[in-house]
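K.L.:
take a look and give me a structure for this.
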Amino acid sequence: MIDQFAIFTAQGQLLFQYASLKKRFSEQLCNKFIHELISRPPAINESKFATVSVDSHTFIFRETKATRLFYVASYASAPSLTLNHEAEQVVDMSLQLWDSLGLDSALRAARKEPKGSITLEAVQEELFKFEKYFTVKYESMVEKELSTKSIRDSSPAAQQLKKPTNKKATTGGTQKTRRWNSNGMLDDSNVNADQLDFSPIPDDISTAPAEVTNVNQSDFGSRTEDGQFLIKEIDNMLSQAKKDSTRQPSSAGAPAGVLGFLRKKWLGNKTIDEGDLHAILEKFKKHLIGKNVAPAAADYLTSRVSEQLVGLKTASWTSVEQTARDALEQALISILTPGVSVDLLHEIQKKVGNKVDAKCDPYVFSIVGVNGVGKSTNLSKLAFWLLQNKFKVLIVACDTFRSGAVEQLRVHVENLAQLTDDNHVRGSKNKRGKSGNDAVELFEAGYGGSDLVTKIAKQAIKYAREQQFDVVLMDTAGRRHNDATLMSPLKSFADQAKPDKIIMVGEALVGTDSVQQAKNFNQAFGKDRNLDFFIISKCDTVGEMLGTMVNMVYATGIPILFIGVGQTYTDLRTLSVTWAVNSLLS
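P.N.:
Here you go, the predicted model:
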């Protein structure tokens, strides 16, 4: 395990420090490293990490060229392959996290002069967020490594290595002769097939699916001092496609010598006209469409850039293309930044926090979307998050059309019950005779038509009020957005159930059709009711092609609440607008 980690500027200004195992951070050790680095610079090699040894301490570090920062991890021993690997992981993780939070831009704005010191007060909030995320990610990394080591040490193969082996194999009495039946086929009716089955045998044939065993709560989020469990913001998790070359000097694209200097200077202080922007904006539009941004949304974004820049002068040392790129970045940020509060925990606590009235109304969510986008899965992720915040959750099976929909929710409820209560027995009923336990329960009434859906919804809310549930999560049937017959029942459902929030689940894979999907669902509830939030699922499958996010928000103005990044209950993240914009423009 590393001893400490630090980030500091080329001038020696310390920006971030971390000491593991609650040790005291040693600035003296940092000073020794800096002295050694200045007096004996490390040799340049093919690795992106450099190593320095001082007084029985090993330092693994990386220097970034854009803002001249040093990311340094150290441990107290001679160089070790295992510790080197861990230190490199820590440095790499911190670099990606730093990039995803946009701290380089914040530092440049906080510098008093180009090579001067940084006013830390100006970036205090960003550094605090970095510290919080770094701590969670590093502790999760250590926990995962310890868990892997424990599993490896206790594996059958490892145990077998510890056992003494006999050089001479014994076969006495166990070998059987082959027998052939009258048809000339091998008769193996007396063979015990279990002897040939080396797969692990579950304790119960209906054991929980992978979600239960794969839940990593530290990856999901962290608990604040007042007890709230906050889902982590998406940071560097999906940014692996970023090229390391963005942090390393590139000779291929750099202006050379005096020619480059003059070219950059000539491109600065220029009054921009439409002719300057036409080719640049066409290139940007093609780039955005290649990232799954709908042509209509791409046209809107580039037209905003044109309206903003025509007639303005570029800054010194700044080309027209860079100026346009910066304006496009701001336009994307403006679209994706929520215009309303997304602090659901506060809203739920405000409505259900006062339990003086035993008949307090629950906070009701309705989850809608087209077929196959992951409504039930993301509803269950929401439920897991709410359970972490000590809310009692009632999950309602309002998908009365799709065969197996109720059974699917029942499996999710059983999984969630096991995660909240180690003693829960799968398939057992709670004290009210329902699937689940006291914290999470399934409300179901079978299958039927649209009339049954509204009936179930009203009964479930009444039941939740009587049984003092805090939150009701209503699953609904998937429906084609361009089928008026299927979409029309949504209005009566919303009128009858009166959910506090209607959330549409859209998938990142859908591409440009997401514009029409979002519009149709947003208009399906009538002129007095709209969608409240989006959850964008399957973001882990598209890399940096995140255009669906832009399309759906552009089409409706509805903000993104969470994004789905996997199949387990902890694979839910809040959206980092900076991360999304950087991915779209990369």
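
K.L.:
so for the longest helix seen in the chain, what's the average pLDDT?
P.N.:
The helix spanning the most residues in the chain, taking DSSP state H as the definition, is helix 124-154. The average pLDDT for helix 124-154 rounds to 76.

K.L.:
kindly report the same for stretch 459-470.
P.N.:
Taken as a whole, stretch 459-470 has an average pLDDT of 91.

K.L.:
which residues touch Thr323?
P.N.:
Contacts of Thr323 were listed using CB atoms under 8 Å, 6 or more residues apart in numbering, and they are Ile272, Leu309, Leu312, Thr314, Ala315. Every C-beta, even on glycine, is put in place using the N, C-alpha and C of the backbone.

K.L.:
just the buried ones from the residues you listed?
P.N.:
Ile272, Leu309, Thr314 (16 or more other CB atoms under 10 Å).

K.L.:
residue contacts, the residue nearest to the first one when sequence neighbours are not counted?
P.N.:
Residue nearest to Ile272 in three dimensions, not counting chain neighbours: Leu309, with 5.0 Å by CB to CB, 6 or more residues apart in numbering. Under the criterion of CB under 8 Å, 6+ apart, the contact list for Leu309 reads Ile272, Leu277, Thr323, Ala324, Ala327.

K.L.:
can you list those in CSV and add secondary structure?
P.N.:
As requested, the contacts of Leu309 are arranged in CSV below (DSSP: H, G, I helix; E, B strand; the rest coil):
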residue, secondary structure
Ile272, coil
Leu277, helix
Thr323, helix
Ala324, helix
Ala327, helix
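
K.L.:
helices and strands around the host helix or strand of Asp451, which ones?
P.N.:
Secondary structure assigned from DSSP states H and E places Asp451 in helix 450-466. Applying 3 or more CB pairs under 8 Å, 6 or more residues apart in numbering; DSSP states H and E, one finds that helix 450-466 makes contact with strand 393-397, strand 440-443, strand 471-475, helix 489-497.

K.L.:
pull the shortest one out as PDB, backbone CA atoms only.
P.N.:
So the one you mean is strand 440-443. Extracted in PDB, the C-alpha atoms of strand 440-443 (Å, rounded to 0.1, in the frame of the first residue of the first chain):
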ATOM      1  CA  VAL A 440     -38.900  -3.000   0.400                       C
ATOM      2  CA  GLU A 441     -42.100  -4.700  -0.800                       C
ATOM      3  CA  LEU A 442     -43.800  -5.700  -4.100                       C
ATOM      4  CA  PHE A 443     -47.400  -4.600  -4.700                       C
END
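
K.L.:
ok, and what's touching it?
P.N.:
Applying CB under 8 Å, 6+ apart, the external contacts of strand 440-443 come out as 383, 387, 392-397, 409-410, 413, 416-417, 420, 430, 432, 434-436, 456, 459-460, 463-464, 469.

K.L.:
what does the longest one give?
P.N.:
Residues outside helix 489-497 that contact it (CB under 8 Å, 6+ apart) are 364, 366, 368, 398, 450, 453-454, 457-458, 461, 474, 476, 479, 502, 521, 524-526, 529.

K.L.:
contact partners for Pro41?
P.N.:
Remark: with contacts taken as CB under 8 Å, 6+ apart, Pro41 is in contact with nothing.

K.L.:
per-residue pLDDT, it?
P.N.:
Confidence per residue is given as pLDDT, and for Pro41 that number is 70.

K.L.:
pretty sure Phe365 sits against Val471.
P.N.:
Yes - using CB atoms under 8 Å as the test, Phe365 is close enough to Val471 to be in contact (7.0 Å).

K.L.:
doesn't Asn423 fall inside a strand?
P.N.:
No - with three-state DSSP as the criterion, Asn423 is coil rather than part of a strand.

K.L.:
do you know how far it is from Phe391?
P.N.:
When CB to CB, to the nearest Å is the yardstick, Asn423 and Phe391 sit 21 Å from each other.

K.L.:
follow-up on the earlier one: which one of the helices and strands packed on helix 450-466 lies nearest to Leu83?
P.N.:
When the helices and strands packed on helix 450-466 are ranked by proximity to Leu83, the top entry is strand 440-443, at 42.6 Å, counting by CB to CB.

K.L.:
buried ones among the contacts of strand 440-443?
P.N.:
Buried by 16+ other CB under 10 Å: 383, 387, 392-397, 409-410, 413, 416-417, 420, 430, 434-436, 456, 460, 463-464, 469, out of the contacts of strand 440-443.

K.L.:
Leu419 and Gly448, how far apart?
P.N.:
Taking CB to CB as the measure, Leu419 falls 31 Å from Gly448.

K.L.:
which one of the two is surrounded by more residues?
P.N.:
When Leu419 is set against Gly448 and neighbours are counted by other CB atoms under 10 Å, the residue ahead is Leu419, at 20 against 12.

K.L.:
would you confirm that Tyr463 contacts Val396?
P.N.:
No - under the criterion of CB under 8 Å, Tyr463 lies out of contact with Val396, with a separation of 9.1 Å.

K.L.:
ok so, going back, which one of the contacts of Leu309 is nearest Gln28?
P.N.:
Checking the contacts of Leu309 against Gln28 with CB to CB, the nearest one is Thr323 at 45.6 Å.

K.L.:
which among the contacts of Thr323 gets closest to Cys360?
P.N.:
Leu309 (53.6 Å).

K.L.:
pLDDT score for that closest one?
P.N.:
Per-residue confidence for Leu309 comes out at a pLDDT of 88.

K.L.:
how close does it get to Ser319?
P.N.:
12 Å.

K.L.:
ok, Gly511 next?
P.N.:
Using CB to CB, Gly511 is found at 31 Å from Ser319.

K.L.:
swap in Trp98?
P.N.:
Counting by CB to CB - Trp98 and Ser319 are separated by 26 Å.

K.L.:
state the phi and psi torsions of Ser53.
P.N.:
Geometry field for Ser53 lists phi and psi as phi -120, psi 130, criterion degrees, to the nearest 10.

K.L.:
so it sits right up against Ile60, yeah?
P.N.:
No - Ser53 is beyond contact range of Ile60, at 10.4 Å (criterion: CB under 8 Å).

K.L.:
ranking helices and strands of this structure by mean pLDDT, which lands last?
P.N.:
The weakest-scoring helix or strand in the chain, judged by mean pLDDT, DSSP states H and E, is helix 210-213 (a mean of 46).

K.L.:
need the helices and strands packed on helix 450-466 in JSON lines (columns: distance to Asn31).
P.N.:
As requested, these are exported to JSON lines (distance: least, CB to CB, whole Å):
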{"stretch": "strand 393-397", "distance to Asn31": "53"}
{"stretch": "strand 440-443", "distance to Asn31": "54"}
{"stretch": "strand 471-475", "distance to Asn31": "53"}
{"stretch": "helix 489-497", "distance to Asn31": "64"}
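
K.L.:
okay, now the unreliable bits of this structure?
P.N.:
For the chain, residues meeting the criterion pLDDT under 70 lie at 22, 42-47, 78-80, 112-116, 147-268, 340-342, 354-358.
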